[in-house]
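Could you look at this predicted model? Sequence included:
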Amino acid sequence: MTDTSRGTAVIIGAGPAGLTAALELLRRTRIKPLILEKSSYMGGISRTVNYKGNRIDIGGHRFFSKSDRVMDWWTSLLPVEQTSEANQRLVYQNQERALTARTAALLAQNGAAPDPEFDDLVMLVRPRKSRIFYLRKLFDYPLTLNLATLRNLGMFRALQAGLSYMASSMRPIRPETTLEDFLINRFGRHLYRTFFKSYTEKVWGVPCDQISAEWGAQRIKGLSLRKALAHHFKKLFGSHAAEIGQKDTETSLIEKFLYPKLGPGQLWEEVASRVRAEGGEILTGWTVCGIHTAGDRVTGVTARSDAGEQFFFPAQQVFSTMPVKELVQAFDSPAPPEVCEVSQGLMYRDFITVGLLLKRLNIREQGEKLLKDNWIYIQEPDVLVGRMQIFNNWSPYMVGDPDKVWIGLEYFCNDTDELWHKPDQEMIALALQEIERMGIAASADYLDATVIRMEKTYPAYFGTYDRFHVIREFVDRYHNLFLVGRNGMHKYNNQDHSMLTAMTAVDNIIEGRRDKANIWAVNTEMDYHESRGDVPDAASQERAATAVS
């Protein structure tokens, strides 16, 4: 077993993976974590932006995982709110669960679970609703061929969709190499062109036939029209418990999820607070510019502060969540030419959110003041916006004035595009013009706005990605260097996957395991390998206890 009783782990980046690694190290080893974060905030793309009391969740983060380990980790930090369910028991992953330790402690002290009206450190239980906006109408997502969908499509389009789906079911595309193949095989060519093509190409900026099918395998996994229909009929005719986590439910079909009262950044700010309280260190405004090696080890990193100071940080272990392209460039001994070539060819998509505060929306639920959606996919080809968040529905506490509507219009681009460089006022004018054109809201109801840009939000599955194994073989030779998280692995992970990569890396350190295959395997199988490796077995838990004691 590796000696974990001393030394420092330098962690590059204070996003979900980096902060998870830090807290895991503090709680399970004697290694001191030192996080170097180039920005001034915690959480990476999972941060929450507070604009005049109105909070923005960048991209939308549902707190759901098929991993017990992650669900327990979240709720130990932010206990679940008091609900009407008897005894405040959670039912998920086909198990009825007792309350987390923290929630149980609060119950013992106060006689009740946390109440979000009075407590801030609390997870809300939120309903999930997403729809597609197409033909200036709202369609259920996941797609179901119910009466509302048929009415919105019209009989001719509906007949085309049905025949197209039957044709794809009988003669699927083989081999399935592109995202276009993946979607046509599961939804039929007509529904693919109607509901997926425009939005997906807005996100990635390239045609679907140039994107690897691996993207669909990770992000959509087992979802198909057949499963969506089966789920719909089960809802109509079957009995089901109101479950917060549902292990046998495809991620895109989840109907309830947990959500921090004040947005995802609240949880990561709490994690950062605990890291500092338990002996870790977090330095903001420091950009890593050098990775120093000796043989098969990384000896430390050099970072530069916003003030221009440069400093070498020695390290026993290094966790990297920085973009792979930048990591390869930072090695003191130049990487082999092929590694440099592949890393330079990796591509990313960048992300702009325009937060709009409005008096009202023009479209709403019948008899309601507001739509119920968390987000809406904009499939209309005559506008640039790709998705619309309604922050009121993520958490009512995200909005300063509950009588107002707080939305985020999301644009996907490259940092070389004209859109990325538009001044804020031009982006706001574009967003207002587009929601008015679609009939969603009137510019006369506009009250205020802000613009947020996030670089390298989406690691892309094109460019030189098909040769990524060359980079992986190069970095894996350094036994104390762990690539974790979304950009750290150039892998389109959700935050729970990013957390699991960090947890698995800490497991490996404790166990003295040098092979990184189990880290790279996270989010490549449906259940995240939790049947065997997600929760440490008794032996590894004993080794962890030995390392901590």
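Arrived safely. Numbering: from 1, shown residues only.

Correct me if wrong: M388 contacts V405.
No - the pair M388 / V405 is not scored as a contact, 10.9 Å apart, by Cβ atoms under 8 Å. For every residue, glycine as well, the C-beta is placed using N, CA and C.

can you list residues touching both of these two?
Shared contacts of M388 and V405, defined by Cβ atoms under 8 Å, 6 or more residues apart in numbering, are absent.

Please identify the buried residues of stretch 353-372?
353-358, 361, 363, 371 (16 or more other Cβ atoms under 10 Å).

so which of those would you say is closest to Y377?
Set against Y377, the nearest of the buried residues of stretch 353-372 by Cβ to Cβ is L371 (13.2 Å).

List the contacts of that closest one.
Shown in contact with L371 (Cβ under 8 Å, 6+ apart): 138, 361, 363-365, 390, 393.

now do 10 Å
Counting by Cβ atoms under 10 Å, 6 or more residues apart in numbering, L371 touches 129, 131, 138, 361, 363-365, 388, 390, 392-393, 405, 407, 440.

Out of those, which sit inside helices?
392-393 (DSSP state H).

Most neighbours among the contacts of L371, please name it.
Among these, I407 has the most neighbours (other Cβ atoms under 10 Å), with 27 neighbours.

residues touching the residue nearest to F63 when sequence neighbours are not counted, list them.
Distances taken as Cβ to Cβ, 6 or more residues apart in numbering place L258 nearest to F63, at 4.0 Å, with adjacent residues excluded. Shown in contact with L258 (Cβ under 10 Å, 6+ apart): 62-65, 71, 74-75, 78, 80-81, 90, 92, 122-126, 244-245, 267.

how close does L258 sit to A17?
Going from L258 to A17 by Cβ to Cβ, to the nearest Å gives 19 Å.

go on, T293?
For T293, the distance to A17 equals 22 Å [Cβ to Cβ].

which of the two has more neighbours?
Each of T293 and A17 has its neighbours counted (other Cβ under 10 Å); A17 has more, 33 against 17.

tell me the pLDDT at the more buried one?
A17 carries a pLDDT value of 98.

Run through the residues that contact it.
Contacts of A17 by Cβ under 10 Å, 6+ apart are 11, 44, 319-321, 482-489, 493, 495, 497-503, 505.

Go ahead and flag the most central residue of the protein.
N494 (3.3 Å; Cα atoms, centre = their mean).

In this structure that residue contacts R486, no?
Yes - using Cβ atoms under 10 Å, N494 makes contact with R486 at a distance of 8.5 Å.

what is in contact with those two at once?
Counting by Cβ under 10 Å, 6+ apart, the shared contacts of N494 and R486 are 16, 46.

and R186, how many neighbours?
Neighbour number of R186 under other Cβ under 10 Å is 24.

so it makes contact with P172?
Yes - between R186 and P172 there is a contact under Cβ under 10 Å: 8.9 Å.

In three-state terms, label R349 for me.
Secondary structure for R349, judged by DSSP: H, G, I helix; E, B strand; the rest coil, is strand.

how much space is there between it and L327?
As judged by Cβ to Cβ, R349 and L327 stand 19 Å apart.

out of these two, which sits in the busier spot?
A count of neighbours by other Cβ under 10 Å puts L327 above the other of R349 and L327, at 23 against 19.

thinking again about what came up before, could I get the buried residues of stretch 353-372 as CSV with pLDDT?
Formatted as CSV, the buried residues of stretch 353-372 follow (pLDDT from 0 to 100):
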residue, pLDDT
T353, 98
V354, 98
G355, 98
L356, 98
L357, 98
L358, 98
L361, 96
I363, 92
L371, 94
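
from these, which ones fall inside strands?
Of the buried residues of stretch 353-372, the ones assigned to strands by DSSP state E are 353-358.

The closest residue to F139 other than its chain neighbours: what's it in contact with?
Distances taken as Cβ to Cβ, 6+ apart place I132 nearest to F139, at 4.5 Å, with adjacent residues excluded. Applying Cβ under 10 Å, 6+ apart, we find I132 in contact with 138-143, 149, 152, 194-196, 199, 376-380.

Taking the residues you listed, please make a PyMOL selection of just the buried ones.
Those of those that count as buried under 16+ other Cβ under 10 Å are selected in PyMOL with:
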select buried, resi 138+139+140+141+142+143+149+152+194+195+196+199+376+377+378+379+380
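
Just the ones in helices from the contacts of I132, please.
Among these, the members falling in helices (DSSP H) are 149, 152, 199.

With distance to W420 as extra columns, can I get the residues you listed in TSV?
Shown next, in TSV, are the ones in helices among the contacts of I132 (distance: Cβ to Cβ, whole Å):
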residue	distance to W420
T149	36
N152	34
Y199	19
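
Take those and lay them out in TSV including distance to G345 and pLDDT.
TSV is the format used below for those (distance: Cβ to Cβ, whole Å; pLDDT from 0 to 100):
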residue	distance to G345	pLDDT
T149	41	80
N152	42	85
Y199	26	85
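
What's the local residue count around P314?
The local packing of P314 (other Cβ under 10 Å) involves 12 other residues.

Can you check the pLDDT for it?
pLDDT, P314: 97.

what phi and what psi does the backbone show at it?
phi -70, psi 150 (degrees, to the nearest 10).

now it, nearest residue through space, not along the chain?
Spatial nearest neighbour of P314, chain neighbours left out: G300 (4.1 Å); criterion: Cβ to Cβ, 6+ apart.
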